[in-house]
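Trainee: any chance you could fold what I've pasted below:
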Amino acid sequence: RKEICLFLRKNEWHNYQLSTVQQRIKYNLDEEMWKEFVCWNNQHYGPAVSYELYKYLKKQEEKAPSDFQKEFIKETYTDYKKCFKNEFCIHSFKDDYWRYPKDLFAAHTRLNDEINRAEQLHRQQEQERRNKLMKEQQKKERKQLKEICKKLSAYNTEIDGYKIFCTSNMDEWLKQATALHQCIVASGYFSFMARKQRFIFFIQKEGNPIATAEVYPDGKIGQFYADELDRNNCRPTQEVQDVFNRFLEKVDLKE
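Mentor: A predicted model of the protein is given here:
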């Protein structure tokens, strides 16, 4: 308090804020030095910086290779500082080497490059991990699907010339999907079947796909479509529906 009172007695009254007086005392700033500091802050966009940072940025501003970089020196430092909050940044902003780098622009570029490389490597590793998990999941699903279809194969039959069956053979799934313009492969219906959430039965005649039926574990029929090229006319014929209903009466999905 004595220092503040002494400062106010020695300096002409300017309705100073306490923070202003404290900074002028701390850095021993005369009126001209203080005005230069305030003027610099006002000429540069963004919140005012401390006198210590101002001295650093002013030196960096003199090194700036372009007028654009000179103009946005404060924004550059703000963005530089934010880099240290990035999870992929391995440096500490508390270290003076990084807090006040010799060349702000070079350090900013270096830091961004390091972070970008680390992020890219992380994304690559994550993608590899997901691909591995996906392959493991697909392998598990194929095995489960094969076991389910093996049990249900006892119900595979032919009624009035219509072959009705389930299969784990992906070639048959693709054949059915392609011929009937269905999304059973694209939407991964085989995964639902592997988890016993839905059961998919194919209906073919003389080797040609006729319709695909989705059946829930409780025996209720879900989606039941023939050729879906024309969505307004893709229901199976009554004959095909009757044949499938006769088939389904003998199927026990709870086994």
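
Trainee: how about Phe222, phi and psi?
Mentor: I think there's a mix-up here, since residue 222 is Gly and not Phe. Backbone torsions of Gly222, given as degrees, to the nearest 10, read phi -100, psi -120.

Trainee: ok, it - how many residues close by?
Mentor: 11 (other Cβ atoms under 10 Å). Using the backbone N, CA and C atoms, a C-beta is placed for each residue, glycine as well.

Trainee: cool, the one 4 residues further on as well?
Mentor: Neighbour count for Ala226, taken as other Cβ under 10 Å: 21.

Trainee: how far away is it from Ile184?
Mentor: Distance, Ala226 to Ile184, by Cβ to Cβ, to the nearest Å: 13 Å.

Trainee: could you do His122 as well?
Mentor: For His122, the distance to Ile184 - Cβ to Cβ - is 36 Å.

Trainee: the two: which is more packed in?
Mentor: In this view His122 and Ile184 are compared by other Cβ under 10 Å, and Ile184 has more residues nearby, 21 against 12.

Trainee: my guess is the more buried one contacts Pro209. True?
Mentor: No - with contact defined as Cβ atoms under 8 Å, Ile184 does not count as touching Pro209 (10.7 Å).

Trainee: can you list residues touching both of the two?
Mentor: Shared contacts of Ile184 and Pro209 (Cβ atoms under 8 Å, 6 or more residues apart in numbering): Gln176.

Trainee: can you give me the strands in the stretch 151-255 of the chain?
Mentor: 157-159, 162-165, 199-205, 208-215, 221-225 (DSSP state E, counting those that start in this stretch).

Trainee: Lys94 belongs to a strand?
Mentor: No - according to DSSP: H, G, I helix; E, B strand; the rest coil, Lys94 belongs to no strand; its state is coil.

Trainee: over to it: give its phi and psi.
Mentor: phi -70, psi -20.

Trainee: show the pLDDT at it.
Mentor: Here, the pLDDT recorded for Lys94 equals 93.

Trainee: distance of it from Lys81?
Mentor: Going from Lys94 to Lys81 by Cβ to Cβ gives 12 Å.

Trainee: noted, bye for now.
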